[in-house]
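Trainee: sequence first, predicted model second:
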Amino acid sequence: MEKQELILLALNASPILDLMQRTLRAAGYEVATCQDRKGIDKSVQEAIPSLLIISQDFSGQDGISISKELLERFPTLPIILYAEQDTTGFAKSALRMGLSGYLYPPLKMDDIVEEVKRSLARARHLGDWLRREVKRTTSSLAEKAKISETERTKLEAIISNIQDGVIVMDDRNDILFVNRAILEIFNLNGGSISGKPLGEVILNSDLKSLISRAVDGPLKYHEINFDDGRVFNAQYTPIPKIGAAVTMQDITYIKEIDRLKSDFIHTLSHDLRSPLTAILGYTELIERTGPLNQNQQEFLHRLQGSVQHITSLVNDLLDLGRLEAGFDTRREAVQLEGVLKYALDMFDSQVKKKKIMLSTEIAQDLRPLRANPIRIRQMMDNLLGNAIKYTPEGGSVKVNVSMLDHQIILKIDDTGPGIPADEQNNIFEKFYRATNAPGGVEGSGLGLAIVKSIVTSHQGRVWVESTVGKGSSFIVILPAQE
Ligand code: ADP
């Protein structure tokens with residue numbers, strides 16, 4: 001034996017105690033004894049014995065209960081129970097409790113040494129296994145920590161170097177992280193911004209409004225404009241247990257392309273208008289130069305129809321150009337009710353021809369709008385015109401105008417073909433026509449783009465609610481005059 005192992009004996013003074021002491025010492029063990037429960041605790045804590053032998057009844061207490069308590073505190077301590085008598089029930093409960101061994105009279109020296117050796121060997125085995133397991137788990141944890149540390153560094157490097165701006169903040173909008181792109185976009189010094197409120201570090205009003213509006217509900221896209229002409233598209237994404245992230249992509253070049261496209265369309269439409277007016281004028285003159293046969297007359301009318309069609313398209317494009325350029329600044333008190341009446345008069349013959357049931361409902365307390373009356377009429381004509389144009393014969397169109405707080409709400413319902421859900425946003429874009437637009441219904445795809453520009457320039461909102469096969473509702477909200 002390389003090192004003497006200490007065996008603690010918790011046995012009442014008796015010949016058995018002497019026997020055990022002698023036997024174990026003879027077998028090369030160091031032996032200590034204790035008198036009572038307190039003594040056991042003290043020895044176990046201070047002397048750290050390799051094994052404890054306890055009698056079934058020790059200084060007036062139940063040996064099994066003492067063992068149970070000890071095992072709860074020192075689960076690896078091997079304990080052998082000494083019983084006055086061998087009963088199976090007793091042995092069973094001792095083993096069930098996790099004791100290592102069991103001794104009972106008649107005691108032979110060999111039996112004692114044998115049982116102690118066996119228990120110690122098992123404890124050693126268990127200890128080795130435990131140490132191995134701890135080592136294995138620790139090294140696998142260390143490995144995992146190493147991997148996640150590498151992953152983290154990798155991720156940080158990616159986020160730091162991507163071209164899109166990334167801001168991560170906590171739930172009080174204090175900055176947790178910004179990447180290099182953000183520092184460049186906002187011309188910031190990265191040194192001391194972490195932990196500061198975002199609103200203090202970045203003063204851009206578009207970003208502020210994105211964050212304040214995102215709190216009210218999901219808001220995905222938002223344009224952030226800079227005085228030097230740069231434009232970014234920003235998204236706000238809540239991150240559970242952290243706060244939120246804002247990502248920003250530079251869309252200046254897309255905006256520039258869009259502007260060039262609009263300029264091009266505007267110039268082209270402008271240049272086309274004069275020759276078109278000339279063509280229309282000459283087609284009218286032809287009729288006056290002498291009698292035309294029936295064929296010539298029919299061709300001439302078709303020619304005039306087509307030229308008028310192109311002219312109205314060109315006019316729409318010019319209108320859109322003006323609206324988008326922000327030239328529409330005329331504002332006066334406009335009664336929506338009056339505008340609606342004139343528009344309805346204009347569509348009267350079409351409504352009758354298609355046998356459409358048209359109904360209107362106008363709130364009593366309607367306040368005037370502060371608007372450009374020509375544009376409001378144009379908006380009304382386009383929306384009403386579409387409802388009547390797309391509603392099949394015998395269908396119905398309902399116009400409802402109401403007040404909500406300081407806003408006027410115009411709602412036009414029809415029983416037309418409806419608009420597929422995934423196209424409902426697109427129909428407000430220039431030249432977009434829904435895939436289910438009925439073949440025979442003509443259109444340029446500009447009407448709703450004009451409506452949207454007019455509504456936006458009057459600080460309002462327009463959208464559609466529609467079900468294919470049932471009909472559509474176009475809703476416009478405009479602020480009433482103060
Ligand atoms: P268009 O000149 O083609 O009517 P608009 O810009 O006014 O152009 O409308 C765009 C598209 O939206 C239309 O082509 C049509 O597909 C769809 N749309 C607009 N209004 C309605 C409506 N009331 N019912 C069904 N579809 C509509």
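Mentor: Good, I have the coordinates.
Trainee: quick check: phi and psi at residue 235.
Mentor: phi -120, psi 140 (degrees, to the nearest 10).
Trainee: cool, residue 326 as well?
Mentor: Residue 326 adopts backbone torsions of phi 80, psi 20, taken as degrees, to the nearest 10.
Trainee: likewise the one 5 residues further on?
Mentor: The phi/psi pair for residue 331 (degrees, to the nearest 10) reads phi -140, psi 130.
Trainee: now residue 227
Mentor: The phi/psi pair for residue 227 (degrees, to the nearest 10) is phi -60, psi -30.
Trainee: elements contacting the lengthiest helix in the chain?
Mentor: The residue-count maximum for a helix in the chain (DSSP state H) belongs to helix 109-161. Applying 3 or more CB pairs under 8 Å, 6 or more residues apart in numbering; DSSP states H and E, one finds that helix 109-161 contacts helix 15-26, strand 51-55, strand 79-82, strand 101-103. For every residue, glycine as well, the C-beta is placed using N, CA and C.
Trainee: try 6 Å this time
Mentor: Counting contacts by 3 or more CB pairs under 6 Å, 6 or more residues apart in numbering; DSSP states H and E, helix 109-161 is packed against strand 101-103.
Trainee: strands paired with the strand it packs on, and their directions?
Mentor: strand 79-82 (parallel) (DSSP bridges).
Trainee: format the CA atom coordinates belonging to the partner strand as CSV.
Mentor: Only the C-alpha atoms of strand 79-82 are listed here, as CSV (Å, rounded to 0.1, in the frame of the first residue of the first chain):
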residue,chain,number,x,y,z
ILE,A,79,-19.9,3.4,4.1
ILE,A,80,-20.1,-0.1,5.5
LEU,A,81,-22.9,-0.9,7.8
TYR,A,82,-22.4,-3.2,10.8
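Trainee: flag the shaky bits of the stretch 1-150 of the chain, pLDDT-wise.
Mentor: Applying pLDDT under 70 to the stretch 1-150 of the chain flags the ranges 1-3.
Trainee: residues in contact with the closest residue to the ligand within the stretch 1-150 of the chain?
Mentor: The nearest approach of the stretch 1-150 of the chain to the ligand comes at residue 148, 51.4 Å away (CB to the nearest ligand atom). With contact set as CB atoms under 6 Å, 6 or more residues apart in numbering, residue 148 has no partners.
Trainee: look up how far residue 136 lies from it.
Mentor: Residue 148 is 19 Å from residue 136, where distance means CB to CB, to the nearest Å.
Trainee: residue 358 is in what secondary structure piece?
Mentor: strand 357-362 (DSSP states H and E).
Trainee: mind giving me the packing neighbours of that strand?
Mentor: Short answer (3+ CB pairs under 6 Å, 6+ apart): strand 357-362 packs on strand 396-404.
Trainee: run the last query once more with 10 Å
Mentor: Secondary-structure packing of strand 357-362 (3 or more CB pairs under 10 Å, 6 or more residues apart in numbering; DSSP states H and E): helix 336-353, helix 373-390, strand 396-404, strand 407-414.
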